[in-house]
Structure formats: structure tokens, C-alpha cells
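Participant: show me the folded form of this:
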Amino acid sequence: TIQHVISTFKMVGCVNLPGTTKQGRPHILSQGNVNYLKATLDRTPDTYLDELRDDIEDNCGAPNVSLSTIWRTLQRSGITRKK
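Facilitator: Modelled structure (predicted):
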């Protein structure tokens with residue numbers, strides 16, 4: 001509740017208690033997969049999302065990854081697809 005968030009902020013100085021873990025479903029792609037995507041885009045920045053997906057499945061053994069997952073992962077990493 002909002003009361004809990006406010007009281008936590010007053011006690012600790014931030015809205016999350018220190019040492020608490022992130023909630024929600026874990027990401028499909030590991031940090032190693034994300035680093036691989038970044039390195040691939042550094043080498044060939046004009047790579048299409050479906051090519052990235054095929055590349056990460058072939059070289060990293062990632063499971064069936066949707067194009068939406070690739071797109072959201074790039075957005076979270078701060079990578080834009082603009083030239």
C-alpha cells in the first residue's frame with residue numbers, strides 16, 4: 001500500500017528496503033546473452049531483429065526467443081535501432 005511505501009521511505013530513504021530482491025518473472029535472456037547482442041550490434045549495427053534472434057539461438061543456445069523479447073531487451077539496455 002502507499003502507507004507502507006511512505007513509511008519505508010521515511011525509515012530508509014528509498015522506497016525499497018535494502019537487500020530485497022526484484023519481484024516478477026525473470027528475464028528469458030541472461031546477461032551473457034544481452035552482452036552477446038550488444039557485441040553483435042557493435043559489429044553490425046544494421047542487423048535485423050530476426051537475424052539477431054537466429055544468431056543468439058545458434059551461438060548461445062538461447063531457447064525460442066520472440067522478436068518482442070529481443071526488442072524489449074535492447075530497449076532495457078538503452079540500445080536504439082535508429083541509424
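Participant: for stretch 49-65, what is the distance to the chain centroid?
Facilitator: Its chain's C-alpha centre and that of stretch 49-65 lie 15 Å apart, by C-alpha atoms, centre = their mean, to the nearest Å.
Participant: buried ones in that stretch, by neighbour count?
Facilitator: In terms of neighbour count (16 or more other C-beta atoms under 10 Å), stretch 49-65 has its buried residues at 52-53, 55-56, 62, 65. Bear in mind the C-beta positions are built from the backbone N, C-alpha and C, glycine included.
Participant: nearest residue to the residue nearest the centre of the chain in space, please, no chain neighbours.
Facilitator: Residue closest to the mean C-alpha point of the chain, counted by C-alpha atoms, centre = their mean, is residue 73 at 3.9 Å. Spatially, and ignoring its direct neighbours in sequence, residue 73 is nearest to residue 29 (5.4 Å; C-beta to C-beta, 6 or more residues apart in numbering).
Participant: also residue 80?
Facilitator: Nearest non-adjacent residue to residue 80, counting by C-beta to C-beta, 6+ apart: residue 74, 7.9 Å away.
Participant: can you get me a residue count around the one you found?
Facilitator: 18 (other C-beta atoms under 10 Å).
Participant: wait, what's in contact with the residue nearest to residue 73?
Facilitator: By C-beta atoms under 8 Å, 6 or more residues apart in numbering, residue 29 lies in contact with 37, 56, 62, 65, 69, 73.
Participant: so where does the spatially closest residue to the fifth one that is not a sequence neighbour fall, helix or strand?
Facilitator: In space, and not counting its chain neighbours, residue 69 is closest to residue 28: 5.6 Å by C-beta to C-beta, 6+ apart. Here residue 28, judged by DSSP states H and E, is contained in no helix and no strand.
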